[in-house]
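**Q** Compute the structure for the input listed below.
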Amino acid sequence: MQQNSIQSLIEQYKENFDLINSEENYKWKAIKHFQENFDIEAPDFHANLKESLSKTKNLLGSGKYFPRRMIREFAAQKPEAVRTLFKDLYNEEKDIYQRILSFQASIDDVHAELKIGDNHYQDNRAVLVYLNLMYPDRYYLFKYQMFKTFLSKTSFVDFKPVAKDLITVRYFMDTCDNLKEIIKQDAGLLQMHRGRLTDKHYADLELNVLTQDFIYAIARHIDATQITIDIGTVFTLADV
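**A** Next comes the predicted model:
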């Protein structure tokens, strides 16, 4: 592994920490808000879901992307059906990828029945947001373009992401798991990270949100085009 290369990226992240944090700090607040408000058994599930997702900002809505708006509309018209979908999605006794597929297939049915808009936007990105909000120590916030750009800049793994494909999500989560082990070793970064979190933020003890934030920063905020990372000898991705 080219340890100096990954460390160079971490150093750039730390050098730009204040700017990055000013734009991305809301993610830890959004998770904290969800954790404090979400109740799968709430009598008014629509109202509860609406409030619980109210701090997610562009995690669930940006440009022509409206997953938050659509899931709230579905919950308003078919609250028990949507409640059941979330119960199944959050059932950790079932395979995660089957849960994602099942959630999306069932949303397809709800969307077809209600005939609201041309797109329900409950894609892999949106479903991973729901999972991360509920289990932030197990899952990561996912964006296809973020992951694609990160790999194009860093060559972190030899993989070409495919939009809408769950194999891409599997590679992303494996990548995050292994990158997190490297991030954990940087005491300076961990100190900076802890310093930005207050009682209004999710504590992020497992560093999953920090790991995603680092990936997003490389993709969006930091010019890493001249840096190549090779960690192929360090870990083996799960069979896909």
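**Q** so how far is residue 103 from the residue of the chain most remote from its centre?
**A** Largest separation from the mean C-alpha position in the chain: residue 113, at 28.7 Å (Cα atoms, centre = their mean). Going from residue 113 to residue 103 by Cβ to Cβ, to the nearest Å gives 16 Å. The C-beta positions use only the backbone N, C-alpha and C, and glycine is treated the same way.
**Q** What about the closest residue in space to residue 56 that isn't next to it in sequence, how many residues nearby?
**A** Spatially, and ignoring its direct neighbours in sequence, residue 56 is nearest to residue 30 (4.8 Å; Cβ to Cβ, 6 or more residues apart in numbering). For residue 30, the count of nearby residues is 26 (other Cβ atoms under 10 Å).
**Q** hang on, isn't residue 30 packed against residue 61?
**A** No - checked against Cβ atoms under 8 Å, the pair residue 30 and residue 61 is beyond contact range at 11.8 Å.
**Q** Lowest mean pLDDT among the helices and strands of the protein, which one is it?
**A** The weakest-scoring helix or strand in the chain, judged by mean pLDDT, DSSP states H and E, is helix 3-15 (a mean of 81).
**Q** Which strands or helices does that helix pack on?
**A** If you count contacts as 3 or more Cβ pairs under 8 Å, 6 or more residues apart in numbering; DSSP states H and E, helix 3-15 packs onto helix 166-183, helix 187-196, helix 208-220.
**Q** which element is the spatially most central residue of the chain on?
**A** Centre of the chain computed as the mean C-alpha position; nearest residue by Cα atoms, centre = their mean is residue 141, 0.6 Å away. Taking DSSP states H and E as the definition, residue 141 sits outside all helices and strands.
**Q** thinking again about what came up before, can you show me the CA trace of whatever helix or strand the residue nearest to residue 56 lives in as CSV?
**A** Taking DSSP H and E as the criterion, residue 30 maps to helix 26-37. Provided in CSV are the C-alpha atoms of helix 26-37 (Å, rounded to 0.1, in the frame of the first residue of the first chain):
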residue,chain,number,x,y,z
TYR,A,26,-25.5,19.3,8.7
LYS,A,27,-25.2,15.6,8.1
TRP,A,28,-24.3,14.8,11.7
LYS,A,29,-27.2,17.1,12.9
ALA,A,30,-29.6,15.4,10.5
ILE,A,31,-28.8,11.9,11.9
LYS,A,32,-29.1,13.2,15.5
HIS,A,33,-32.5,14.7,14.7
PHE,A,34,-33.7,11.5,13.1
GLN,A,35,-32.5,9.4,16.0
GLU,A,36,-34.3,11.6,18.5
ASN,A,37,-37.6,11.8,16.6
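**Q** how about the helices and strands packed on helix 3-15 in JSON lines, adding mean pLDDT?
**A** Compiled in JSON lines, those are given as follows (pLDDT from 0 to 100):
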{"stretch": "helix 166-183", "mean pLDDT": "96"}
{"stretch": "helix 187-196", "mean pLDDT": "97"}
{"stretch": "helix 208-220", "mean pLDDT": "96"}
